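Colleague: one predicted model, sequence on top.
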Amino acid sequence: MDGQNNKNLILAMVLSMLVITVWMFLFPPPEPAQDPNAPTTAEGQAALPPAVPSEGTTAPDPTAAEALPEAERLAIDTPALAGSINMRGGRFDDLRLKRYRETLDPASPEVTLLSAVGSEDAFYALYGWAPGPGLTYDDVPGPNSEWKIAAGATLRPGEPVTLRWENGKGLVFTREVAVDDKFMFTITDSVQNGSGAPVSLQPYGLIRRHGIPKDLQKIFVVHEGVIGRADGQLTEVDYTDVNELPVIEREQAAAEVTEAAQDGWLGFTDHYWMAVQVPEQGKPHTQVVKHAAAQDIYQTEIRQPVMTVAAGETGASTSRFFAGAKEWATIRAYENDPGALDRLFGAEKTEAAPIPGFIDSIDWGWFYFLTKPIFAVLHWLHGLIGNMGWAIIALTFVLKLIVLPLAYKSYVSMARMKELQPEMEALKERAGDDRQKLQKEMMQLYKEKKVNPAAGCLPILIQIPIFFSLYKVIFVTLELRHAPFFGWLKDLSAPDPSSIYNLFGLLPWDAPAAGTLTHLIFIGVLPILLGITMWLQQKLNPAPADPVQQQVFAWMPWVFMFMLGGFASGLVVYWITNNIITFSQQYLIMWSHGKRPDIFGNIRAARVAKAEAKVAANSPSKPTAPAKKGKK
């Protein structure tokens with residue numbers, strides 16, 4: 001890469017960041033509309049919504065889940081999940097992911113997604129009914145009501161369970177819970193009205209998280225917090241933004257209310273895991289995001305339409321609850337065809353509707369139009385090859401093939417620019433200090449020789465969003481978590497664990513932990529290979545004549561080597577592969593145009609220039625001889 005091309009790279013990076021900053025300033029993500037109005041029944045009377053009291057209020061919370069003595073539990077056992085349902089409130093508050101461990105150690109604990117009230121980082125979901133006119137919260141099952149198991153002993157795919165609760169006043173509530181082979185529960189709540197008079201109720205579901213998760217990433221690359229969608233509009237709210245929501249008196253809390261007419265879902269997302277509730281699609285519902293400052297409880301709610309159940313009749317409401325890993329193929333199937341998962345695993349065909357926009361629960365970022373197809377290709381290559389490291393290398397070849405026509409034009413233009421170097425030097429001598437004349441004559445020369453000096457910039461501009469998109473894919477997607485390559489590379493989503501500190505494992509002490517200063521200083525094998533490949537790529541061309549540029553470009557490979565030492569090793573594998581392919585392409589194209597690169601000559605010339613500059617800097621400057629006066 002010559003001086004002009006390197007200047008193009010720096011300019012392209014600056015311009016790209018400037019464009020992104022200006023775009024986000026001029027076109028910020030739209031904020032979901034707030035609607036503080038409460039839902040109403042068909043008779044126009046307000047139904048009481050679930051409420052979390054805000055700090056300073058004294059109103060009791062009828063949906064507060066208390067840490068009471070342990071109640072009966074109903075076991076959950078599927079190929080993907082293990083846990084139990086708490087019969088007190090019918091809470092989903094004990095769930096582990098069988099196929100995922102907390103660390104690379106196969107003996108480490110399974111990832112815990114949901115946990116009960118009273119435990120550290122309590123995180124749970126519950127369902128209930130808000131009472132309409134003539135009813136109170138004592139007349140409907142709440143988070144502390146004791147449910148009874150009416151049918152089933154263990155919740156398994158194809159083996160639903162039924163819970164039952166009676167209020168003693170003629171209302172009988174039943175809850176059927178089913179689960180598939182992955183992470184989706186289907187909850188059907190029904191009420192049989194034997195009270196002798198019509199009743200109005202509003203079914204709801206809520207997810208509560210006590211405090212901010214202790215393992216929160218706190219970086220802009222991945223969104224963690226509230227995630228949802230309402231009528232095609234994606235909602236992503238960080239925990240800090242939830243804290244700043246305005247207090248809505250009707251909700252008795254800092255809250256945000258959104259009315260959805262057709263489709264939607266709402267819940268919480270972590271880096272790799274997610275818990276969201278999905279109401280019946282195609283029907284209106286209300287979405288609420290809350291924060292109770294006094295208890296530091298974050299809450300999302302789905303309120304379905306109020307229903308009036310006549311005496312002797314039964315009313316029912318169905319919703320779904322996703323609690324599990326953000327597997328791309330699984331979430332994609334729920335969006336496109338939920339029945340495909342059941343057919344794949346031989347279970348009964350589901351009648352559940354597709355969930356629009358569910359794939360966007362994965363944080364694809366600003367360059368979603370690139371990250372989505374890039375990951376789709378990477379996922380396909382991984383399925384074909386069986387190793388994520390080799391899949392990343394294959395993906396690099398695919399991406400380089402796509403931009404090959406532009407790269408070819410760029411390298412041809414660079415080769416022809418070198419052919420013009422003698423003529424350009426002659427122009428500089430003729431123009432002297434007249435910069436305007438020099439620029440005019442150079443542009444005329446480019447025109448006559450049909451050379452575009454900016455041709456080298458476009459491929460670099462394209463590479464920048466590709467690099468950012470691949471960085472996003474590697475960091476965000478679950479499929480890269482704990483994905484091995486070979487040898488010491490056990491997790492491509494983590495930095496290279498090898499280190500100069502212990503001579504790459506030859507010395508009997510551990511390498512510095514990732515994220516520490518010593519880890520960035522004592523880099524591993526991959527960052528060193530990255531620096532070497534960048535350095536060799538530079539040596540395809542002579543060093544620029546400008547001494548300042550010489551110093552900048554001389555240090556650039558080694559600066560990048562240390563900068564990327566803390567990046568995911570999968571991204572460094574991509575960059576190394578990209579450097580090797582670029583080196584090969586440029587070498588062959590320049591050779592085909594009669595300009596075979598003299599790599600060793602360029603290295604020697606750079607050393608000579610450096611030595612001469614050092615000698616000149618250390619040599620005392622010669623005094624200027626005084627001008628001789630002429631005779632009068």
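Modeller: Arrived safely.
Colleague: okay, CA-based contacts and neighbour counts for the rest of this
Modeller: Will do.
Colleague: could I get the full set of helices for the stretch 251-400 of the chain?
Modeller: 328-336, 338-344, 368-385, 388-402 (DSSP state H, counting those that start in this stretch).
Colleague: between helix 328-336 and the third one, find me the angle.
Modeller: Compare the direction of helix 368-385 with that of helix 328-336 by axes from the mean of the first three to the mean of the last three CA atoms, to 10 degrees and you get 120 degrees.
Colleague: least reliable of the helices of the stretch 251-400 of the chain by average pLDDT, please.
Modeller: Sorting the helices of the stretch 251-400 of the chain by mean pLDDT places helix 338-344 lowest, at a mean of 57.
Colleague: one step back: dump the helices of the stretch 251-400 of the chain to CSV, plus distance to Val117 and mean neighbour count.
Modeller: CSV is the format used below for these (distance: least, CA to CA, whole Å; neighbours: other CA atoms under 10 Å):
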stretch, distance to Val117, mean neighbour count
helix 328-336, 28, 18
helix 338-344, 32, 17
helix 368-385, 37, 17
helix 388-402, 39, 19
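Colleague: which residues does Tyr239 contact?
Modeller: By CA atoms under 8 Å, 6 or more residues apart in numbering, the contact set of Tyr239 is Ile212, Glu224, Gly225, Val226.
Colleague: just the buried ones from those?
Modeller: Ile212, Glu224, Gly225, Val226 (16 or more other CA atoms under 10 Å).
Colleague: pull the most distant pair out of these.
Modeller: Ile212 and Val226 (11.4 Å; CA to CA).
Colleague: now do the strands in the stretch 151-300 of the chain.
Modeller: Under the criterion DSSP state E, counting those that start in this stretch, the stretch 151-300 of the chain contains strands at 154-155, 161-166, 171-179, 184-193, 199-210, 225-230, 233-238, 247-248, 253-260, 264-269, 273-278, 285-292, 297-303.
Colleague: so which of the ones you listed is the most packed in?
Modeller: Each of these was scored by mean neighbour count; the highest is strand 264-269, a mean of 28, by mean count of other CA atoms under 10 Å.
Colleague: contacts for that strand?
Modeller: Contacts of strand 264-269 (CA under 8 Å, 6+ apart): 207, 223-232, 274-279, 281, 287, 300-302, 355-356, 361.
Colleague: nearest to Ile466, out of the helices of the stretch 251-400 of the chain?
Modeller: That would be helix 368-385 among the helices of the stretch 251-400 of the chain, by CA to CA, at 7.2 Å.
Colleague: Provide the contact partners of that closest one at residue level.
Modeller: Taking CA under 8 Å, 6+ apart as the rule, helix 368-385 contacts 364-365, 388, 390-392, 394-395, 466, 469-470, 472-473.
Colleague: tell me the domain boundaries of the protein?
Modeller: Residue ranges for the domains of the chain, per automatic domain parsing: 3-21+369-614, 33-362.
Colleague: least confident of those, on average?
Modeller: Among the domains of the chain, domain 3-21+369-614 scores lowest, with a mean of 77.
Colleague: Ala514 reaches Pro495, doesn't it?
Modeller: Yes: Ala514 lies in contact with Pro495 (CA atoms under 8 Å); the separation is 6.6 Å.
Colleague: now for the two: what residues contact both?
Modeller: With CA under 8 Å, 6+ apart as the test, Ala514 and Pro495 both reach Gly566.
Colleague: for these two, indicate the residue with more neighbours.
Modeller: Neighbour count, other CA atoms under 10 Å: between Ala514 and Pro495, Pro495 has more, with 26 against 17.
Colleague: you'd agree that one is in a helix?
Modeller: No: under DSSP: H, G, I helix; E, B strand; the rest coil, Pro495 falls outside any helix and is assigned coil.
Colleague: show me what contacts it?
Modeller: With CA under 8 Å, 6+ apart, Pro495 has these contacts: Ala514, Gly565, Gly566, Phe567, Ala568, Ser569.
Colleague: using the three-state scheme, assign Glu423.
Modeller: Assignment for Glu423 (three-state DSSP): helix.
Colleague: against Asp491, how distant is it?
Modeller: Glu423 sits 53 Å away from Asp491, going by CA to CA, to the nearest Å.
Colleague: higher neighbour count, the two?
Modeller: Neighbours of Glu423 and Asp491, each counted by other CA under 10 Å, are more numerous for Asp491; the result is 22 against 13.
Colleague: quick check: closest non-adjacent residue to that one.
Modeller: His482 (4.2 Å; CA to CA, 6 or more residues apart in numbering).
Colleague: over to Ala275?
Modeller: Sequence neighbours aside, Ala323 is the residue nearest to Ala275 in space, at 4.4 Å (criterion: CA to CA, 6+ apart).
Colleague: residues contacting the one you found?
Modeller: Leu113, Phe183, Met184, Phe185, Trp273, Met274, Ala275, Val276.
Colleague: and the two most separated of those residues?
Modeller: Phe185 and Trp273 (15.4 Å).
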